[in-house]
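Colleague: pasting the structure only:
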């Protein structure tokens, strides 16, 4: 674990806005905000369905990150930045991430939609006292909407939808004036996107609904302005009814141009062009999940990132990243693997090999892989066979697809999911090759990591070829230029088949370490 930090900063690299918060750590799961900044960047604007980030958007984003990093540096706060749908979906997101690192000095993590929902959940629990209640959470961003059901800090179900205020504005309301059929078309699209998830939400049920994000606070501001009362200093825990939202939607759809919508009391001029789409999404969420009232949370993703970072740096367990990610990996195994005992045994052997091989200082190619690599290896081993439920033929490719596209995995960045998916992909058949597009997109360091871990995993899988757990343990040592792996049988079990299969699977590991690998039964 890294050393505990006293101050830290989080940046939410959103589709519409970038948000910075700098905080002082005051406890294991508490913080005090020192300063916060928000800039309207419109990273997802002008890019069709957000398939590419435009050069202008990338430049705006990098410039904003540079300024936010300078603000964080004033308090000596290390920065953790997470990027959501605009970067997640863009084919050229590597360009943005690279420029952010090189020009702004900010390392940007690209997170999945479900991981985004988990982190938002953490943030909301710091602002709204609903920890002991089952809550339905909705967060409407510029590119996506996250919906989650949770209780006592645990995620029961979560889904990310490609419904965002910027995205739907680009699609349905791109001009200054409304097209006569645009509103009804947008409502139909929202309803059709959300409705399949209604049964799952209903099955879990919820006691309270909470909404976070600038869009929902903007709707609350418009609803509050209609009362004629003075605007509150904070909208945290403000209560919005479904009738309130419908009234706001009616007022906005009744204004045929952006300029007219900007004149509606409570409308933020910077959001006048996207507030209609955002309001229609919120209206659709309340309808789809039968919500009569929701509370507004001023805390969201960036505060969740702060709390998650505190827990990681201090080794806390309540929301610790690795506890969360491991539970989600095991859940995917439960859903898709017909022989979880085999996968668990392979994972144990793989981790055991990893620990022994990385402890040999002569194997410099493996010496600096570190603790995250060990966890990726375990996850890759556990998930190597999840593609079997599709078909046995080419199931390694199916496993890659399942891991890469599942909405079950949480607590992992997009890059981490890609590494784990590739380990599942390369557990058999062809090893990693530059002509494989997914492997080629990795950085050189991650390519090296995937090759090394895949080499270890292939040997571990060979050591349970019978699926009978005949190998109890392994012992590794160097003998000149040879790496010797001694195989310890479980009792008097015969391990000839396991030795033969592991020998057949040693080639990639040999390439990685530059030595011949020899497997033999341990002396009794």
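Modeller: Okay, I see it. Keep in mind that this is a model prediction, so the values were computed, not measured.
Colleague: How is this structure divided into domains?
Modeller: The chain breaks down by automatic domain parsing into domains covering 7-111+303-313, 127-298, 321-521.
Colleague: Serialize the ones you listed to a markdown table and add fields for mean pLDDT and distance to residue 121.
Modeller: Just so you know, the C-beta spots here come from the backbone N, C-alpha and C atoms, and that holds for glycine as well. Shown next, in a markdown table, are those (pLDDT from 0 to 100; distance: least, Cβ to Cβ, whole Å):
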| stretch | mean pLDDT | distance to residue 121 |
| --- | --- | --- |
| domain 7-111+303-313 | 89 | 7 |
| domain 127-298 | 94 | 5 |
| domain 321-521 | 90 | 10 |
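Colleague: Please identify which of these is closest to residue 117.
Modeller: Nearest to residue 117 among the domains of the chain is domain 127-298 (3.9 Å), distances taken as Cβ to Cβ.
Colleague: would you list the domains of the chain in TSV and tack on mean neighbour count?
Modeller: Formatted as TSV, the domains of the chain follow (neighbours: other Cβ atoms under 10 Å):
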stretch	mean neighbour count
domain 7-111+303-313	20
domain 127-298	19
domain 321-521	18
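Colleague: I'd like those domains as TSV, with distance to residue 117 appended.
Modeller: Below are the domains of the chain laid out as TSV (distance: least, Cβ to Cβ, whole Å):
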stretch	distance to residue 117
domain 7-111+303-313	10
domain 127-298	4
domain 321-521	8
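Colleague: quick one: residue 16 from residue 6, how far?
Modeller: 31 Å (Cβ to Cβ, to the nearest Å).
Colleague: And the strands in this structure, which stretches?
Modeller: 7-13, 17-27, 30-40, 79-83, 108-110, 135-140, 145-151, 154-161, 208-212, 239-241, 293-297, 471-479, 482-489, 516-521 (DSSP state E).
Colleague: packing partners for the second one?
Modeller: This means strand 17-27. strand 7-13, strand 30-40, helix 55-74, helix 301-314 (3 or more Cβ pairs under 8 Å, 6 or more residues apart in numbering; DSSP states H and E).
Colleague: Give the pairing partners of that strand; include direction for each.
Modeller: strand 7-13 (antiparallel), strand 30-40 (antiparallel) (DSSP bridges).
Colleague: For residue 481, find the nearest of the ones you listed.
Modeller: strand 7-13 (46.8 Å).
Colleague: Helix 301-314 and the closest one, what's the angle between them?
Modeller: Relative orientation of strand 7-13 and helix 301-314, computed by axes from the mean of the first three to the mean of the last three Cα atoms, to 10 degrees: 140 degrees.
Colleague: which residues are in contact with strand 7-13?
Modeller: Strand 7-13 has contacts (Cβ atoms under 8 Å, 6 or more residues apart in numbering) with 18-25, 31, 34, 43, 61, 65, 68, 71-72, 75-84, 86-87, 106, 108, 300-303, 305-306, 309-310, 313.
Colleague: make it 6 Å
Modeller: 19-22, 24, 68, 72, 75, 77-81, 83, 108, 301-302, 305-306, 309 (Cβ atoms under 6 Å, 6 or more residues apart in numbering).
Colleague: got it, and stretch 327-342?
Modeller: Stretch 327-342 is touched from outside by 343, 379, 382, 385-386, 389, 406, 408-410, 467, with contacts defined as Cβ under 6 Å, 6+ apart.
Colleague: Just to check, residue 142 is in contact with residue 163?
Modeller: No: counting by Cβ atoms under 6 Å, residue 163 is not a contact partner of residue 142; they are 10.5 Å apart.
Colleague: Would you check how far apart the closest residue to residue 182 other than its chain neighbours and residue 188 are?
Modeller: Nearest residue to residue 182 in three dimensions, chain neighbours excluded: residue 172, at 4.8 Å (Cβ to Cβ, 6 or more residues apart in numbering). Note on residue 172: its distance to residue 188, by Cβ to Cβ, is 10 Å.
Colleague: do the same with residue 500
Modeller: In terms of Cβ to Cβ, residue 500 sits 60 Å off from residue 188.
Colleague: about what we covered before: need the helices and strands packed on strand 17-27 in CSV with distance to residue 266, can you?
Modeller: Compiled in CSV, the helices and strands packed on strand 17-27 are given as follows (distance: least, Cβ to Cβ, whole Å):
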stretch, distance to residue 266
strand 7-13, 24
strand 30-40, 18
helix 55-74, 26
helix 301-314, 24
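Colleague: These: which one's closest to residue 233?
Modeller: Here strand 30-40 is closest among the helices and strands packed on strand 17-27 (Cβ to Cβ), at 14.6 Å.
Colleague: now the angle from that closest one to helix 55-74?
Modeller: 150 degrees.
Colleague: In contact with the nearest residue to residue 45 once chain neighbours are set aside, which residues are there?
Modeller: Closest residue in space to residue 45, ignoring its immediate chain neighbours: residue 166 at 6.1 Å, by Cβ to Cβ, 6+ apart. The contact partners of residue 166, by Cβ under 6 Å, 6+ apart, come to 15-16, 44, 142, 274.
Colleague: Can you spell out which residues form a bridge with residue 79?
Modeller: residue 9.
Colleague: Perfect, I'm done here.
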